[in-house]
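# Following is a predicted model, sequence given first.
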Amino acid sequence: KATPDLSEIVIEGEQSDNVTRPTFESEDLTVRVDKYLHRDFFGTPWSKFVRRDFIVDNEIFFPPCKIAEDDIWTSELVLSAKKFLRVPNIVYVFRKSTDSVSRTEKTPLQTVIFWTDPIAHGVKVLNEFMKCREFFRENPDQRYNILEAFIRPHIKLAFYDADNLSPEIAVDTLENVFKPEFGAQSILFAHLCSMVNDYQKLVKQQNRRIDELERKLEEKLL
């Protein structure tokens with residue numbers, strides 16, 4: 001449901017790496033991967049004109065994810081196109097919706113399930129896509145970097161505000177999300193558990209730091 005308050009209209013229109021004029025992107029995949037890792041590409045499908053036959057020939061489709069399927073689609077597009085032109089005047093006008101899929105209020109457990117879903121269902125698609133490309137077969141480290149760049153922000157969103165979940169519940173939740181693909185992604189599952197543990201430790205450290213700073217501030221104000 002779109003909010004009727006026009007002040008809630010948001011306009012986005014800048015390329016993330018300051019493209020100021022029409023520019024052909026480098027055909028060097030090493031350069032592109034580096035830009036991808038620095039999040040220099042606008043990830044939304046609505047900001048692109050693409051030939052249909054190119055998408056079909058390269059089998060670039062949206063995977064069955066609850067969210068972030070457009071990120072995977074864009075990743076495959078960027079890593080497949082021999083050349084493409086980037087322009088500075090991208091404009092996106094939208095109303096903030098309080099009951100959209102991404103903005104609906106969720107419990108910590110629902111948040112974990114929501115943001116780990118694209119990892120469970122999207123990483124396999126992205127990985128299989130890259131395995132079919134000669135560049136990534138010859139540069140497996142780059143393939144790993146791409147997957148890592150996709151996974152890490154979703155894990156952060158899933159667990160950053162879920163520090164009250166016990167490690168046991170966190171692992172059990174991940175196991176349920178990954179259950180249909182558990183055998184095929186067991187290594188990824190172990191990696192995710194390690195990342196979750198790191199984030200939970202980081203959140204607890206930051207919360208302690210915040211409490212300490214607030215205490216010192218109160219002492220100064222008294």
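Everything's here; your move.
# contacting residues around residue 33?
Residues near residue 33 by Cβ atoms under 8 Å, 6 or more residues apart in numbering: 79, 142, 145, 146. (C-beta placed from N, C-alpha, C; glycine too.)
# Could you tell me which of the residues you listed count as buried?
Buried subset of the contacts of residue 33 (neighbour count, 16 or more other Cβ atoms under 10 Å): 79, 142, 146.
# what residues are up against residue 63?
69, 72, 121, 122, 125.
# rewinding a little: would you mind giving the contacts of residue 33 as a markdown table with pLDDT and distance to residue 47 added?
As requested, those are arranged in a markdown table below (pLDDT from 0 to 100; distance: Cβ to Cβ, whole Å):
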| residue | pLDDT | distance to residue 47 |
| --- | --- | --- |
| 79 | 91 | 17 |
| 142 | 88 | 24 |
| 145 | 86 | 24 |
| 146 | 89 | 20 |
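# Quickly name whichever of the residues you listed is closest to residue 46.
When those are compared for distance to residue 46 (Cβ to Cβ), residue 79 wins out at 19.5 Å.
# wait, the closest one sits on residue 30?
No - at 11.5 Å, residue 79 does not count as touching residue 30 under the criterion of Cβ atoms under 8 Å.
# picking that back up, among the contacts of residue 33, which two are most distant?
So, those by Cβ to Cβ: farthest apart are 79 and 145, at 12.0 Å.
# then the helix or strand hosting residue 136 to CSV, C-alphas only?
Using DSSP states H and E, residue 136 maps to helix 134-138. What follows is the C-alpha trace of helix 134-138 in CSV, where atoms were taken according to Å, rounded to 0.1, in the frame of the first residue of the first chain:
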residue,chain,number,x,y,z
GLU,A,134,35.9,-19.9,-19.1
PHE,A,135,37.1,-16.8,-17.1
PHE,A,136,35.8,-18.2,-13.8
ARG,A,137,37.1,-21.7,-14.5
GLU,A,138,40.5,-20.2,-15.0
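# how about whatever helix or strand comes next after that helix: buried residues?
Following helix 134-138 in sequence order, the next helix or strand is helix 140-159 (DSSP H and E). Buried positions in helix 140-159, judged by neighbour count with 16+ other Cβ under 10 Å: 142, 143, 146, 147, 149, 150, 151, 154, 155, 157, 158, 159.
# what does stretch 78-90 give?
Neighbour counts over stretch 78-90 (16+ other Cβ under 10 Å) mark 78, 79, 80, 81, 84, 86, 90 as buried.
# what's near enough to touch the second one?
Looking back up the chat, that one is residue 79. Per Cβ under 8 Å, 6+ apart, neighbours of residue 79: 29, 32, 33, 36, 129, 130, 133, 146.
# now the fourth one
Residues near residue 81 by Cβ under 8 Å, 6+ apart: 25, 54.
# what does the fifth one give?
Neighbouring residues of residue 84 by Cβ under 8 Å, 6+ apart: 24, 25, 78.
# Can you show me the strands along this structure?
9-12, 23-24, 85-86, 92-95 (DSSP state E).
# just to revisit the earlier point, columns distance to residue 107 and pLDDT on top of the contacts of residue 84, output as TSV?
As requested, the contacts of residue 84 are exported to TSV (distance: Cβ to Cβ, whole Å; pLDDT from 0 to 100):
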residue	distance to residue 107	pLDDT
24	47	90
25	42	89
78	35	90
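# Below-threshold pLDDT in the chain: ranges please.
1-18, 90-91, 93-94, 96, 161-165, 167-168, 171, 178-197, 199-200, 222 (pLDDT under 70).
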